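Enquirer: make a model of this:
(chains A and B)
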Amino acid sequence: MDIATLTVKEAARGLRAKDYSSVELTQAVLAAIRERDGALNAYLSVDAEGALRQAADADAARASGREGDLLGVPIAVKDLINVDGQPCTCASKILRGYTACYDATVSARLRQAGAVFAGRTNMDEFAMGSSTEASAFRTTRNPHDGTRVPGGSSGGSAAAVAGGEALAALGTDTGGSIRQPASFCGCVGLKPSYGRVSRYGVTAYASSLDQVGPMTKTVEDAATVLSCLAGRDPRDGTTPDVPVPDYGAALRGGLKGLRIGLPKEYYIAGTDPAVMACVRGAVEACAAAGAEVVEVSLPHTEYAIAVYYIVATAEASANLARFDGVRYGHRTANPESVFGLYAKSRAEGFGTEVKRRIILGTYVLSSGYYDAYYGRAQKVRTLIRRDYEAAFRSCDVLMTPVAPTAAYRIGEACDDPLKMYLGDIFTVPANLAGLCGLSVPCGKTPEGLPVGLQVLGPAFGECAVLRAGQGVEELVGAE
Amino acid sequence: MTGYLITIGLETHVQLRTATKMFCGCSLAFGAEPNTNVCPVCLGYPGALPVMNREAVRLTVVSGLMLGCEISRRSTFDRKNYFYPDMSKDYQISQNGSPLCVGGSVRIETAAGAKRVRINHIHLEEDAAKINHYARFSGVDFNRCGTPLMEIVSEPDLASPDEAMAYLQALKQILLYAGVSDCNLEEGNLRSDVNVSVRPIGQERLGTKVEIKNMNTFKGIYAALEYEIARQLATVTRGGLIVQETRRWDPELGETQPMRSKENAHDYRYFPEPDLVPVELEEAQVEAWRAALPELPAVRRGRMAEAYGIPDYDAAVLADAKENADFFEAAARACEPRLGKTVSNWFMTEVMRLLSESGLTISQSALTPSALAELVTLLDTRVINGPTAKELLPELFRAGGLPSALVAARGLGQVSDADALAALVQQVLSENGKSVADYRAGKRAAAGFLVGQVMKLSKGKADPQVVGRLVAERLAGAS
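Expert: Okay, here's the model as predicted:
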């Protein structure tokens, strides 16, 4: 088996057919990590012993008659999702050496399904960033060009999947952190609708925006992993009791008759022409395959970045307050007072981008500024949501670029935060509106860098998005 | 001091009687070892999420209904941000904008007359941890962290420490009637902060208010108010200005002291809690809770006085504690209607004496309402006499059972048959010639002595009225 190309579906088939055991499969993944991660830096830590133990358990379960799409399948996990007994550093010095003391609901569901935890993937510190350069520990490289970033914040997960070090991985997406690295690395990334997947045990960046989702080699694999993760969780009050449909069946819907909306505000000057060419090519191929293409308008799109950086940072300023050096995590040596303990522990523990966002979020919530910033941002957020509701009355999915560019060079954008923030322009609206979104490869730039197509669907409309994504994947693969 | 008006408002925190904490399943058992009733949620571990305790919502709404509040059909929670070691997340989940209950009032009576104290609102929030200070360090006990607290905020309608006391007593009584809290002051179930100001008579605008914290007892609140009012009056009559500040009551020194300005200068940066969906209450649900409400103590006093023909004083004493009133009513209903006053007499004298001697509450004793009812009925029908009844009651109180069974088993039935008693009367008169002579010499009191001798001879079973009549007849007849 070749981990570089092996999909979850193929692995499940191989395990079922006893072509190999889960222990052998896991050993192959661990070997691939040893071989390649020195160059890629996709992982922050790997618990080989624990993974092999889980694999042996999966093999034993299978021997006693158990089956399952994820039974014995190794999956990499972004380093902010709690897995009991494993590190959970959020790529931050403030949590260096921290060991999770419980399973996140998504971890528990994967465990229940018999999946193997392959390792912890690198990320921008506390998921704040778009290139994984904001990791406190290492710089992950793009598997297609080692001088370029993998995107972020789930850059480690994307690089691990695209770079042949994982079959599949979990990422999180607050403003594009699954979709954009999937686009940069050339894998599939699915951000579920807000509330579709439990956030319990997922270290919070922005609570009203965060979602966990799969990063995989195929759209079908994304559907398989999502089926395991999705559904109401009594530990997360923001997961409504919406039935989980058969995502596998949704893949077979085909493009014929699918109504694709092209929001004109997303097809603007400023996007790299090579990226735009790939996106337009994919849309045209869909039309040729029988999809109906309509133009739609989302007039409040231009405010999305501003709204996002107010809402997300405000929530982050409260969510990250708990990292205070009192109960766990980094504590400064010899603080002179309790407030000194907070100030110095946090000053030493957090990186620049995290501090920038905490300060920004603290500012927008401050007495006298709340109405002008946070209060107004919430109103505009409602307008953005209504834009999408209106658009989805005339189409089933929207197709747009994921990001204005393909992967850029390491160091190119990190000294200009505003420029990096603007790179999120096409992805943040889905988080603000609670939509689901998929990034599926749709071609390459002349330099050979992958380009993703973003497929957006209405809240809890994952079936439409998977159906469209599967169609695009088949067309692009056939080229 | 004349010439000035005093204005007091109270913020009363009431620990609700739930089995578990407000946002997690941890126990609220009092007195556990420090940090044993804790979990990732109440310790604020990364990724943990709050889940609303529905019982805490119900108890708050029931309290609101008892106090005549408007119940909000939709209520939201907010984060109150501040750094302190007693708050694990470094923000408290509270209600800032839309509390569960709005309006309402408490009726109080003092020497100054009766009045209604208006309630501004009641909101629900989580309690902080307890900090214990030791010689060289401080410790945080998170067992209390996350306890559901209801905050009842009064309008500034109170004009004296006496009124503040009457308000707190009335409030406590209502909450005990509602069964929403144990109101145990020693366990910190009921804590109040007070706001107090003074102003010259004739001035419309309220004086500058001072908030006082850290009173653990009603006595402490009274003392703190007396001190603070005297301090403010002394300041203003000297021509000084009251500074708006928070002061801390020092029970050892018996004075209020300003808290450090750092603790005063909070900007709590409230914003809506994104981890909790709004609490939506169905009208039918609220009405079902309303229909199941117990009577208010004041209503019950009036009704009991009328229904059982007892004086207002008796009704007030009996209604003071709900379980006493419940017991009395059950006993009185089991008797003939005209015996209400007798039941009340027995409860208020003999039963209450036993309660105070034993330190038990009525439900902790073995006495049942039917036993008291039977005792009163046996006395009324002259099956037993008063001394026998008084002898039986402590036994019923200690060991339970019914008086009729004891009377039958021990042959304690009263002898009222004149023929049977005539022989005893004859015997006493012949053995006490001196007393007979005294009587005839005009010492009418000697008759009482003779009746007592007959009672003694009958071992207390003789009907004293019949004996009295027989003795009088014989003394008169023989003269």
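Enquirer: excluding chain neighbours, what is closest to residue 50?
Expert: I went with chain A, as the question did not name one. A:F117 (6.8 Å; CB to CB, 6 or more residues apart in numbering or on different chains). In this view, the C-beta of every residue, glycine as well, is placed from N, C-alpha and C.
Enquirer: that's the wrong chain, I wanted chain B
Expert: B:F23 (3.4 Å).
Enquirer: same for the lengthiest helix in chain B, what does it pack against?
Expert: Assignment by DSSP state H gives helix B:218-237 as the longest helix of chain B. In terms of contacts (3 or more CB pairs under 8 Å, 6 or more residues apart in numbering or on different chains; DSSP states H and E), helix B:218-237 is packed against strand B:4-15, helix B:161-178, strand B:190-200, strand B:210-215, strand B:245-250, strand B:255-258.
Enquirer: can you list those in JSON lines and add mean neighbour count, mean pLDDT and distance to chain A?
Expert: What follows is the helices and strands packed on helix B:218-237, written out as JSON lines (neighbours: other CB atoms under 10 Å in any protein chain shown; pLDDT from 0 to 100; distance: least, CB to the nearest CB, whole Å):
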{"stretch": "strand B:4-15", "mean neighbour count": "20", "mean pLDDT": "96", "distance to chain A": "20"}
{"stretch": "helix B:161-178", "mean neighbour count": "21", "mean pLDDT": "95", "distance to chain A": "27"}
{"stretch": "strand B:190-200", "mean neighbour count": "21", "mean pLDDT": "95", "distance to chain A": "20"}
{"stretch": "strand B:210-215", "mean neighbour count": "20", "mean pLDDT": "90", "distance to chain A": "18"}
{"stretch": "strand B:245-250", "mean neighbour count": "18", "mean pLDDT": "92", "distance to chain A": "17"}
{"stretch": "strand B:255-258", "mean neighbour count": "16", "mean pLDDT": "92", "distance to chain A": "19"}
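Enquirer: dump these into CSV; add distance to B:V351 as well.
Expert: Conversion of the helices and strands packed on helix B:218-237 to CSV gives the following (distance: least, CB to CB, whole Å):
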stretch, distance to B:V351
strand B:4-15, 30
helix B:161-178, 19
strand B:190-200, 27
strand B:210-215, 34
strand B:245-250, 38
strand B:255-258, 43
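Enquirer: select, out of the ones you listed, the one closest to A:R356.
Expert: strand B:245-250 (33.3 Å; CB to CB).
Enquirer: can I get that closest one as CSV, trimmed to CA atoms?
Expert: This file holds the C-alpha atoms of strand B:245-250, laid out as CSV (Å, rounded to 0.1, in the frame of the first residue of the first chain):
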residue,chain,number,x,y,z
GLU,B,245,-17.3,53.3,45.5
THR,B,246,-17.4,49.7,46.7
ARG,B,247,-16.7,49.2,50.4
ARG,B,248,-16.1,46.0,52.2
TRP,B,249,-17.7,45.2,55.6
ASP,B,250,-15.1,44.1,58.2
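Enquirer: helices or strands up against that strand?
Expert: Strand B:245-250 packs on strand B:210-215, helix B:218-237, strand B:255-258, helix B:261-264, going by 3+ CB pairs under 8 Å, 6+ apart.
Enquirer: around chain B, pick out the residues from the stretch 201-350 of chain A.
Expert: Listed as neighbours of chain B in the stretch 201-350 of chain A under the rule CB under 8 Å from any CB of the partner chain: A:201-204, A:206-208, A:234-238, A:314-315, A:317-318, A:321-324, A:326-328, A:338-339, A:342.
Enquirer: of the residues you listed, buried ones?
Expert: Using 16 or more other CB atoms under 10 Å in any protein chain shown as the burial test, these include A:201-204, A:206-208, A:235-238, A:314-315, A:317-318, A:321-324, A:326, A:328, A:342 as buried.
Enquirer: buried set for stretch B:415-430?
Expert: Here stretch B:415-430 shows B:V415, B:S416, B:L421, B:L424, B:V425, B:V428, B:L429 as buried, counting by 16+ other CB under 10 Å.
Enquirer: between these, which is nearest B:E109?
Expert: Among these, and counting by CB to CB, the member closest to B:E109 is B:S416, at 46.9 Å.
Enquirer: can you give me the neighbour number for the residue nearest to B:P50?
Expert: 25 (other CB atoms under 10 Å in any protein chain shown).
Enquirer: ok, it touching B:V41?
Expert: Yes. Between B:F23 and B:V41 there is a contact at 5.7 Å, judged by CB atoms under 8 Å.
Enquirer: which neighbours do those two have in common?
Expert: B:P50, B:V51, B:G146 (CB atoms under 8 Å, 6 or more residues apart in numbering or on different chains).
Enquirer: of those residues, which is the nearest to A:T362?
Expert: B:P50 (21.7 Å).
Enquirer: wait, isn't the closest one in contact with B:P40?
Expert: No. Counting by CB under 8 Å, B:P50 does not reach B:P40; the two are 11.1 Å apart.
Enquirer: beta-bridge partners for A:R259, please?
Expert: Beta-bridge pairing for A:R259 (DSSP bridges): A:E292.
Enquirer: give me the number of residues near it?
Expert: What A:R259 shows, counting by other CB under 10 Å, is a neighbour count of 16.
Enquirer: pLDDT value on it, please?
Expert: Note on A:R259: pLDDT of 98.
Enquirer: any idea how far B:A166 is from the most centrally placed residue in chain B?
Expert: For chain B, the residue nearest the mean C-alpha position is B:Q173 (4.3 Å; CA atoms, centre = their mean). Applying CB to CB, to the nearest Å, the value for B:Q173 to B:A166 is 11 Å.
Enquirer: just to revisit the earlier point, okay if I get the buried residues of stretch B:415-430 as CSV plus distance to chain A?
Expert: As requested, the buried residues of stretch B:415-430 are arranged in CSV below (distance: CB to the nearest CB, whole Å):
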residue, distance to chain A
B:V415, 71
B:S416, 70
B:L421, 76
B:L424, 78
B:V425, 81
B:V428, 81
B:L429, 86
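Enquirer: among these, which lie within helices?
Expert: B:L421, B:L424, B:V425, B:V428, B:L429.
Enquirer: Throw these into JSON lines and include pLDDT, thanks.
Expert: What follows is these, written out as JSON lines (pLDDT from 0 to 100):
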{"residue": "B:L421", "pLDDT": "84"}
{"residue": "B:L424", "pLDDT": "86"}
{"residue": "B:V425", "pLDDT": "88"}
{"residue": "B:V428", "pLDDT": "89"}
{"residue": "B:L429", "pLDDT": "88"}
